[in-house]
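any chance you can model this:
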Amino acid sequence: MARTNGGRKLKIALSTGGGDAPGLNAVIRAAAKTAWCLGWEVWGIQEGFEGLIDPRRKLVRIDPVDIRGILTQGGTILGTANRGNPFKYVMETARGRREVDLSGRVVRNFKRLKFDALIAIGGEGTLGLSLQLSKMGIPIIGVPKTIDNDLMGTDITFGFDTAVSIATDAIDRLHSTAQSHRRCMVVELMGRYAGWIALNAGVSGGADVILLPEIPFDIESVCDKVRDRDRRKKLFSIVVASEGAKPKGGTRVLKEGATANHVERLGGIAEWLGREIQERTGKETRSLVLGHLQRGGVPTTFDRLLATRMGAAAIRFVQQGKFGHMVALRTPRIVAVPLSQAIKRLKTVPPDHDTIMSARAMGISFGDGHC
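This next block holds a predicted model:
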C-alpha cells in the first residue's frame, strides 16, 4: 500500500549534483518507476541544488516518456553542477561577487512546492550539503555517486566500475604504441585524493609503475624501474598516475589558475612525470591525460545494476521514513547508513590493501622503493 501524507499521495523530488558519473540515469529511472508503482508523483530538480534556489526555471515533472531508453545512457537527464552550494552561493552584487547563504530559501521552496522527500544523488560534496539541509528540516535520502569510489559507508559507488573499465582499455591500447616505439608512456587518471581508479586500472592493465595519493613517491625510484626494464630488454614502460599523486616531501600538481569553488583543481602530474623521466633516464617519454573520458559513455552492467538497486532502495527508505540516511551497498545487501557516517572521512586506499600487496609481489612499483 502506498504511503501517503494526510491522505495525499507523496510527491518526490530527485536531484543529481557534483560531477557526472555513468549510472545516474539508471538511478533516476529505478526511483521513478518504483515511485510510480506506489502511485506517487516524481519531479526532477535540475542542476543539483540550483534547482531549489530557482525552481521556476529548473523544476520539471518526470513522466514515463522522460525515462524511456535512459538506462544505458551516461550523464544525467536532470543536468548536474559542482557549484551552487546554497550555504555559500556566489552572487553578483553592486559590490562585486560575494557569497550569500541561501539555504533558508532552499528549505522554503521545498516546503512551498509541497515535496515530501528529496532523493539527492551525489558525492561527498552533495551528501555533505544534504546532511546540513536534513538538519534544517528537509526529508532527504542520499544516493552515493562518484567514479572515485571514495565515500565511506558503502562498499562501492556506481560509476567506479565504468571508469576503471575505460581506464583499463586505454592502458591496454597504450601498450602497443609504447612497445612499438620503445617509449615510456605516462597516463594520468582521475580519483582526486583516493587512488582506487589508478590502482584497479593499473593492475588490470599491466602497468609497470602505479602512483597513488596514499603512497608518496620518489621520482628516482620511478626512474629506476624504467631503467631496470631497459636493462632486462623490456624496452618500454607504462606508468599510471592518479591525479592526486605527489612526490615525497613535495606537493600535488595543480592546474593553472586559482582554485575553483574552494576546491583544488588537480591535474598535470603526467606531464611533470614525463618530463622528469625523460630528463633523468634519457628514455623517450610521452604523457596522456585521460580526463573526462572516464566519466562518459555507457555504464557497465555492474554499474547499471548497482544504480538500479540503489534507486529502488531510495524509494523503499522513503516509505520507511529513513531520512537523513544514505543508500549503501554492504555486500550483498543494500542498507541505509546515516549521512553523518557516510561523509565522516574519505575512503582512501590502505597501503596494505590486498591489491597493492599482490601488485608488489608481481614486481609492480609504487615509486616508494619497496617491492
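
how about residue 313: what's its closest non-neighbour residue?
residue 334 (4.4 Å; C-beta to C-beta, 6 or more residues apart in numbering). Any C-beta I mention is one placed from the backbone N, CA and C, and that applies to glycine too.

got a pLDDT number for that neighbour?
Note on residue 334: pLDDT of 97.

that one - how many residues pack around it?
18 (other C-beta atoms under 10 Å).

ok, now residue 68?
So residue 68, with other C-beta under 10 Å, has 9 neighbours.

in the stretch 101-250 of the chain, where is pLDDT below threshold?
The model of the stretch 101-250 of the chain has no residue with pLDDT under 70.

where do the helices sit along it?
For the stretch 101-250 of the chain, the helices defined by DSSP state H, counting those that start in this stretch occupy 103-112, 124-135, 160-181, 196-204, 219-231.

please point out which parts of the longest one sit buried.
In other words, helix 160-181. 160-168, 170-171, 174, 178 (16 or more other C-beta atoms under 10 Å).

please apply the same query to the first one.
Of the residues in helix 103-112, 103, 105, 106, 107, 109, 110 count as buried by neighbour count, 16+ other C-beta under 10 Å.

report all helices and strands that it contacts.
helix 50-53, helix 124-135 (3 or more C-beta pairs under 8 Å, 6 or more residues apart in numbering; DSSP states H and E).

quick one: average pLDDT of the first one?
Here the mean pLDDT over helix 50-53 is 87, rounded to a whole number.

how does this structure divide into domains?
Following automatic domain parsing, one gets these domains for the chain: 4-158+299-331, 161-296+350-361.

could I get those as TSV with distance to residue 344?
TSV is the format used below for the domains of the chain (distance: least, C-beta to C-beta, whole Å):
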stretch	distance to residue 344
domain 4-158+299-331	6
domain 161-296+350-361	15
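
for the most centrally placed residue in the chain, grab phi and psi.
Nearest to the geometric centre of the chain sits residue 146, at 2.1 Å (C-alpha atoms, centre = their mean). As for residue 146, its main-chain torsions (degrees, to the nearest 10) stand at phi -170, psi 140.

now for residue 267, how many residues are close by?
Using other C-beta under 10 Å, residue 267 is surrounded by 18 other residues.

for it, what are its contacts?
188, 243, 253, 254, 255, 289 (C-beta atoms under 8 Å, 6 or more residues apart in numbering).

just the closest of those to residue 153, please.
residue 243 (23.8 Å; C-beta to C-beta).

that closest one: neighbour count?
As a measure of burial, residue 243 has 28 neighbours, counting by other C-beta under 10 Å.

got it, and residue 81?
So residue 81, with other C-beta under 10 Å, has 18 neighbours.

tell me the contacts of it?
Residue 81 neighbours (C-beta under 8 Å, 6+ apart): 17, 18, 47, 48, 50.

how close does the closest residue to the first one other than its chain neighbours get to residue 119?
So that's residue 17. The shortest distance from residue 17 to any non-neighbouring residue, by C-beta to C-beta, 6+ apart, is to residue 48 (3.2 Å). Counting by C-beta to C-beta, to the nearest Å, the gap from residue 48 to residue 119 is 13 Å.

mutual contacts of the two, please.
residue 15.

turn the buried residues of helix 160-181 into TSV, including distance to residue 210.
Output for those, formatted as TSV (distance: C-beta to C-beta, whole Å):
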residue	distance to residue 210
160	17
161	18
162	20
163	16
164	13
165	17
166	17
167	12
168	12
170	14
171	10
174	14
178	15
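
pick the one among these closest to residue 184.
Using C-beta to C-beta, the buried residues of helix 160-181 come closest to residue 184 at residue 178, 7.2 Å.

my read is that the closest one contacts residue 237, right?
Yes. The pair residue 178 and residue 237 passes the contact test of C-beta atoms under 8 Å, sitting 7.2 Å apart.

now list whatever residues contact both of those two.
With C-beta under 8 Å, 6+ apart, residue 178 and residue 237 have common neighbours 184, 185.

ok, residue 149 touching residue 347?
Yes. Using C-beta under 8 Å, residue 149 is in contact with residue 347, at 7.1 Å.

what do those two both touch?
The contact sets of residue 149 and residue 347 overlap at residue 194 (C-beta under 8 Å, 6+ apart).

the more surrounded of the two?
residue 149 (26 against 21).

how near is that one to residue 346?
In terms of C-beta to C-beta, residue 149 sits 10 Å off from residue 346.

overlap of the contact sets of those two?
Contacts common to residue 149 and residue 346, judged by C-beta under 8 Å, 6+ apart, are residue 194.

now residue 21: closest residue in space that isn't a chain neighbour?
Residue 21 sits nearest to residue 159 (C-beta to C-beta, 6+ apart), 3.0 Å away.
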